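[1] Sequence and predicted structure, then a few things I'm wondering about:
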Amino acid sequence: MASTKELFLQNLAQTTDFPLALEISSAKGNFIFDTSGKKYLDLISGISVSNIGHCHPKVVEAIAEQSKKYMHLMVYGEYIQTPQVELSTRLLKHLEDPLNSVYLLNSGSEAIEGALKVAKRFTGRPIIIAFTDAYHGSSHGALSAMGNEEFKTNFRPLLPGFTHWDFNDLSVLEAIDQRTAAVLIEPIQGEAGYLVPNPGYLLALRDRCTEVGALLIFDEIQTGFGRTGTLFAHQRENVIPDIITLAKGMGGGMPIGAFVTSKEIMDSLKENPILGHITTFGGHPVSCAAALANLEVLESENWIEQVDSKSQLFIDLLVHPEIVSVKGRGFMLAVEMKSFDRLKTVIDRCIEKGLITDWFLFNDYSMRIAPPLPITEEEIRWACATILEAIEETK
């Protein structure tokens, strides 16, 4: 009889020829457990998803309670569903005017698609400006916005009207003009290796967009829900976008996404044509209940306030001749080494030792550190010691 691993490789679509293939039996808090009982500290949160840890009891309870009441009822936007209303109301309390209208979806890619559509619809303009090595998702519109040609070229032709500029390059300001529908940017670039904007850069984009009537879209799919030391990364920069996209850490482990903008902008999707954007499962009531519980946990705990000091502990401890630098902000840290081959050897050894980490799509010589927010100082010290041991043991 075929093993579960054999069936995994045989029957499920594979995304690479070398999946990690850890067979997981459970996950709780900051840890994942495989079928042999081995315990792993999750230092990447499922790629910035499990911000409050795995299977938080309040999220589990919310899922159970909502699933007893109702699940899918009707395509999004027709019925009044309490979980959707409560989530959007609670979320908007943490966002600034004019961000006052929420469109709920299933994923980050869908949130990007919706944001791009509403920007074009509202402005009537054809051009979207995005950035080199940006990652916005794998659907065709999101892929068109992506800023890495290697990941795009074999899927062309993509959508027209996209131009790409280097992150932190101020010459982009000259390209933002009366034909620009929107500028789409991550307030911290995720898959480029957690690149932080230069002081004043996002504000300069904000001012130029305002000047020419273009919309500013912040992709906060990776940065949102506490990962950078504020609930959303733009709040640290004191720059308010016209549209914000959310997903990943939003659902406490459940699939959900959203784009948020002003009611004036959002209402442009209601006519000419009606149903200008539509989704069957977006705003699924069980996912919304989970997302509301996730947000309530973040409100009640002081984990976000601890992010900066815990981040600094990682930086202070990760010192080794083979570590070139540790860059990023908060719990978005990139540990740079000299080559991918060297990094991959270290990562594999870390996994053997019970520590899960990873590299980046567009920066394969840096190690990703993006742990759940409730990680303890003791766990940070163990993780850093394990990384340093792995470097030594694989020389």
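    Good, I have the coordinates. Numbering: from 1, shown residues only.

[2] Counting neighbours, what do you get for the closest residue to residue 333 other than its chain neighbours?
    Distance criterion C-beta to C-beta, 6 or more residues apart in numbering; nearest residue to residue 333, sequence neighbours excluded, is residue 369 at 4.1 Å. The way it works is simple: take the backbone N, C-alpha and C, and place the C-beta from them, glycine included. By the criterion of other C-beta atoms under 10 Å, residue 369 has 25 neighbours.

[3] Same check on the one 3 residues further on?
    By other C-beta under 10 Å, 27 other residues sit near residue 372.

[4] ok, now how distant is the closest residue to it other than its chain neighbours from residue 376?
    Counting by C-beta to C-beta, 6+ apart, the nearest residue to residue 372 once its immediate chain neighbours are dropped is residue 53, at 4.4 Å. With distances taken as C-beta to C-beta, to the nearest Å, residue 53 is found 11 Å from residue 376.

[5] Residue 197 now?
    For residue 197, the distance to residue 376 - C-beta to C-beta - is 30 Å.

[6] swap in residue 248?
    22 Å.

[7] now do residue 389
    Where residue 376 is concerned, residue 389 sits at a distance of 19 Å (C-beta to C-beta).

[8] do residue 205 as well
    37 Å.

[9] if we can go back for a sec, which one's more surrounded, residue 197 and residue 376?
    residue 197 (21 against 13).

[10] Pull up the gap between that one and residue 33, please.
    38 Å.

[11] Could you do residue 166 as well?
    42 Å.

[12] Have a look at those two and say which one is more surrounded.
    residue 33 (16 against 12).

[13] Determine the number of other residues adjacent to the closest residue to the more buried one other than its chain neighbours.
    Using C-beta to C-beta, 6+ apart and skipping the chain neighbours, the partner closest in space to residue 33 is residue 26 (4.9 Å). Counted with other C-beta under 10 Å, residues neighbouring residue 26 total 12.

[14] now do residue 309
    Residue 309, neighbours per other C-beta under 10 Å, totals 10.

[15] mind checking pLDDT for it?
    Residue 309 carries a pLDDT value of 98.

[16] sorry, back to before: contacts only, for the residue nearest to residue 333.
    Residue 369 sits next to 43-44, 314, 328, 331-335, 357 when contact means C-beta atoms under 8 Å, 6 or more residues apart in numbering.

[17] coming back round to it: burial measure for the residue nearest to residue 372, as a count.
    Other residues close to residue 53 by other C-beta under 10 Å number 24.

[18] so it makes contact with residue 29?
    Yes - using C-beta atoms under 8 Å, residue 53 is in contact with residue 29, at 4.5 Å.

[19] hey, what's in contact with both of these two?
    372, 374.

[20] before we move on, back to that, could you measure from the residue nearest to residue 372 over to residue 43?
    From residue 53 to residue 43 the distance is 12 Å (C-beta to C-beta).

[21] From residue 87, how far out is residue 105?
    12 Å.

[22] all helices for the stretch 101-250 of the chain, in order.
    108-123, 140-145, 149-152, 172-175, 201-212, 233-237 (DSSP state H, counting those that start in this stretch).

[23] for the second one, packing partners?
    The one in question is helix 140-145. Here helix 140-145 touches helix 108-123, strand 127-131, helix 149-152, going by 3 or more C-beta pairs under 8 Å, 6 or more residues apart in numbering; DSSP states H and E.

[24] likewise the last one?
    Counting contacts by 3+ C-beta pairs under 8 Å, 6+ apart, the secondary-structure elements packed against helix 233-237 are helix 201-212.

[25] Identify each buried residue in the helix it packs on, please.
    201-202, 204-206, 208-209 (16 or more other C-beta atoms under 10 Å).

[26] now those as a markdown table including pLDDT and distance to residue 350?
    Output for the buried residues of helix 201-212, formatted as a markdown table (pLDDT from 0 to 100; distance: C-beta to C-beta, whole Å):
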| residue | pLDDT | distance to residue 350 |
| --- | --- | --- |
| 201 | 98 | 34 |
| 202 | 98 | 34 |
| 204 | 98 | 39 |
| 205 | 98 | 37 |
| 206 | 98 | 40 |
| 208 | 98 | 43 |
| 209 | 98 | 42 |
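
[27] Name the nearest of those relative to residue 78.
    Residue 78 has its nearest neighbour among those in residue 209, at 33.6 Å by C-beta to C-beta.
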